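**Student:** how would this look folded up:
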Amino acid sequence: MSIGIVAVAAVLLALVVAALVWRPDGSARRGDLRLRDQADLLEQTYDAILIRSPGGRIEYWNRGAEALYGFPRAEALGRRSHDLLRTRPRAGSIEDMENALLRHRRWEGVLEHTCADGRQILTESRQVLVRGLDGARILEANRDVTARVTAELEARRAAEAAKDTVDGMRASDARLRRAFEIAQLGLLWADPGGTVTLSDELAAMLCAEAGPRRMTWDEFVLLAHEEDRPLLEGFRHAGVAGAVAAVEFRVCPADRRTRWVTIRGAVAPDATGAARLVGVAQDITARRESEQRLQQAGRHQAVGTLAGGMAHEVNNMMTAVIGFTSYARNALPPDHPACADLDEALHAAERAATVTQQVLAFSRQSVMQPVLLDLNEVAVELAPVLRRLAGAHTTVSLELAPELPPVRADRAQLEQMLINLVANARDAMPAGGRVRIASAARELAAATPMRGEGGELPAGRYSVLTVSDSGNGMSEETQTRAFDPFFTTKPVGAGTGLGLPMVYGIMRQSGGDVWLESEPGRGTTAMLLFPASREPVPDADRGGATHEAHGRGTVLVVDDEPLVRAIARRSLEQLGYTVREAIHGDDAIARLGSESGPDLVLCDLVMPERNGAEVGRHLALTHPEVPILYMSGYTGEEMRQRGLLPAGSAFVAKPFTPASLGRQVRWRLEHARANGNPAMTR
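**Tutor:** Numbering: from 1, shown residues only. Below is the predicted model:
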């Protein structure tokens, strides 16, 4: 049972006590006015609170119930709660629940309720049967847990203890205050003269001194973030005007992370009859962070969708640009004046392809080639490149732990991440500085929340690679956006903003995470956490990397893009192959039926008429001895998710160079011959 439900049940008992001890002549015993005054705060709580008769008729329905279920109080009172809310226990039946209340005087569990607008929600419910002077009543406190976690076990025990001390709650407003403490709710009182009193809990939320605090309203406002202070003024004016007001604002202490606090309140008379603004406060930092993760997940998904479509078009064009530019460059003598221009054109095309791959890496659609790696070995071998990248005024040091567990990762992607992190460090130290690359083994005793889209990093052993610098550092606001795509603090033209998002995407795709620590003026530390590997990667994961590009045989190239067909034909013919072309899937099937079968089909996946997967299925039926090699400007992962790339199929991503295409074709032919059954690897 959550902490909030415990508090609500405890306060409900106090409310009933207040009703029972009130005398018919309107007088009250000492302490009753204070109890009733504090019980008025229940109207400000977010939980749904109702009191019903043993027959199920609703006798009390607070504002929290109106907000949760959408039924106005006037409509709910007198109705049977189970009929109004269409109550269905998640375990057992309504009869079981009612019988348990009669036998044990209490029941707790999860209920399915239907709101006024037809929405079905899950509520965590605690119900108590109390016998008073005017008969029995069932006290019920419900909280929406459809998207929230249940409270800690300690809170459950505290709730049970609070329920077991009904008699003690009858005479003690200290118990009522304890209930608010357990619920982690803070209290605020503001009198007409502008004096504000904070409870212990609210003082802690606002990072003020421990204990109740009395201050002026202006001093209270200064505890909030500078940009949010006008919101508190608006809250005060709305509350004084008689409305139920609510405000959410930030608290930014110098030595702690930003926290979010919400206060909901209204004017209520105190024990003397004087009107004062009373409010219930709650720390909503966790909720706000969850909302930010959801928003970031939406941005990631949008960029991923954009990346896939962009990759298809750009990679098709870059295949032709890189291929034809390479041929033009190789056809000229080294001292030809046009060579420098062609080199620049080739460099620009490769950079465009690299940016596309960075976007794909961020959206976790890049094609990974994981192998067993020693992080120390990669760092040592890449160190000369990193030192040149950092520049003469920056020192790059290595502090590597011995016997570091190996990891499964894509070596090229790991090197790209290190290059990006060192480049960021260099840019943060325009006058030079220090970059430290360290490694260590780390044991996570428990699952750890992951940044961005949420989820957890499982408990276990990790190999950690850390890149630290002595640069300018980042503010907390910049850190929250550091992994957003295309966000950059660099001047226009000085960067794409894809460096850290690419690191984030690769680490999530690799099953790890990236942690960022930074403070303005104190540098930045990026930690890459890779799950430690215990078993070697099969040799098949490295297949094809050392094959020669030249070969023999007939290749049928199927692609609806003329430029791609042209570069593929020229590349393969220069490597010794005979090439035939088909302009789309139907053309390929017609050629397979009218011409002698090729030795291999090189087929694009996304085409009009028939797609590549349909061509592959037809080939398996009519020419099972002919292997197929798929290609696409989309990534292989996206093609698999869309059902266009059969599981286990050979795939080459665009853009490709003439040599890389030749190696893939030769490896596919040799692999098919070695297996003896090409259809098994389509």
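**Student:** what about residue 375, neighbour count?
**Tutor:** When neighbours are counted by other C-beta atoms under 10 Å, residue 375 registers 24. Just so you know, the C-beta spots here come from the backbone N, C-alpha and C atoms, and that holds for glycine as well.
**Student:** begin at 401 from here
**Tutor:** Let's use 401 as the start, then, which means that last one is residue 775.
**Student:** Look up how far residue 1039 lies from it.
**Tutor:** Residue 775 sits 31 Å away from residue 1039, going by C-beta to C-beta, to the nearest Å.
**Student:** Next: residue 955.
**Tutor:** 21 Å.
**Student:** and residue 1061, that's in a helix?
**Tutor:** Yes - Residue 1061 forms part of a helix when assessed by DSSP: H, G, I helix; E, B strand; the rest coil.
**Student:** Confirm residue 491 sits in a strand?
**Tutor:** No - read with three-state DSSP, residue 491 is coil and lies in no strand.
**Student:** Next up, the contacts around it.
**Tutor:** Contacts for residue 491 were tallied using C-beta atoms under 8 Å, 6 or more residues apart in numbering; they are 509, 510.
**Student:** could you measure it against residue 605, distance?
**Tutor:** Where residue 605 is concerned, residue 491 sits at a distance of 35 Å (C-beta to C-beta).
**Student:** Pull out the buried residues from stretch 819-834.
**Tutor:** 820, 821, 822, 824, 825, 826, 827, 828, 829, 833, 834 (16 or more other C-beta atoms under 10 Å).
**Student:** I misspoke; the intended subject was stretch 958-971.
**Tutor:** 958, 959, 960, 961, 964, 965, 966, 967, 968, 969, 971.
**Student:** Now tell me what touches it from outside.
**Tutor:** Stretch 958-971 has contacts (C-beta under 8 Å, 6+ apart) with 716-717, 719-720, 723-724, 727, 957, 979, 981-985, 987-988, 1001-1004, 1007-1008, 1012, 1015, 1031, 1054, 1058, 1061-1062.
**Student:** Which stretches in the stretch 451-600 of the chain count as strands?
**Tutor:** 458-461, 488-489, 506-514, 520-532, 535-544, 585-590, 595-598 (DSSP state E, counting those that start in this stretch).
**Student:** Give the partner strands of the fifth one in its sheet and their orientations.
**Tutor:** Sheet pairing of strand 535-544 (DSSP bridges) gives strand 448-452 (antiparallel), strand 520-532 (antiparallel).
**Student:** For it, C-alpha coordinates in CSV please.
**Tutor:** The C-alpha coordinates for strand 535-544 follow below in CSV (Å, rounded to 0.1, in the frame of the first residue of the first chain):
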residue,chain,number,x,y,z
GLY,A,535,-23.7,3.0,13.4
ALA,A,536,-21.2,1.4,11.1
ARG,A,537,-19.4,3.2,8.2
ILE,A,538,-17.0,2.0,5.5
LEU,A,539,-14.1,4.3,5.0
GLU,A,540,-12.5,4.0,1.5
ALA,A,541,-9.4,5.8,0.2
ASN,A,542,-8.5,5.2,-3.5
ARG,A,543,-5.4,6.3,-5.5
ASP,A,544,-4.9,6.0,-9.3
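**Student:** Count the residues that sit near the residue lying closest to residue 449 once chain neighbours are set aside.
**Tutor:** Spatial nearest neighbour of residue 449, chain neighbours left out: residue 462 (4.4 Å); criterion: C-beta to C-beta, 6 or more residues apart in numbering. Residues contacting residue 462 under the criterion other C-beta under 10 Å number 22.
**Student:** show me the residues around residue 462 that make contact.
**Tutor:** Contacts for residue 462 (C-beta under 8 Å, 6+ apart) come out as 442, 443, 445, 448, 449, 450.
**Student:** wouldn't the last one be in contact with residue 460 here?
**Tutor:** Pointing back at residue 450 there. Yes - in this structure, residue 450 is within contact of residue 460 by C-beta atoms under 8 Å, at 5.9 Å.
**Student:** And the helices in the stretch 951-1082 of the chain, which stretches?
**Tutor:** 962-974, 985-994, 1012-1022, 1036-1041, 1058-1075 (DSSP state H, counting those that start in this stretch).
**Student:** before we move on, what about the stretch 551-700 of the chain?
**Tutor:** Using DSSP H, counting those that start in this stretch, helices in the stretch 551-700 of the chain cover 553-564, 566-569, 573-582, 600-605, 617-621, 629-640, 685-730.
**Student:** Would you mind putting the helices of the stretch 951-1082 of the chain into CSV with mean pLDDT and distance to residue 666 alongside?
**Tutor:** Formatted as CSV, these follow (pLDDT from 0 to 100; distance: least, C-beta to C-beta, whole Å):
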stretch, mean pLDDT, distance to residue 666
helix 962-974, 90, 68
helix 985-994, 88, 68
helix 1012-1022, 90, 63
helix 1036-1041, 66, 51
helix 1058-1075, 82, 70
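**Student:** With distance to residue 668 added, can I get those in CSV?
**Tutor:** Output for these, formatted as CSV (distance: least, C-beta to C-beta, whole Å):
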stretch, distance to residue 668
helix 962-974, 74
helix 985-994, 74
helix 1012-1022, 68
helix 1036-1041, 56
helix 1058-1075, 75
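**Student:** Of all these, which one comes closest to residue 900?
**Tutor:** Proximity to residue 900 (C-beta to C-beta) singles out helix 1036-1041 among the helices of the stretch 951-1082 of the chain, at 21.5 Å.
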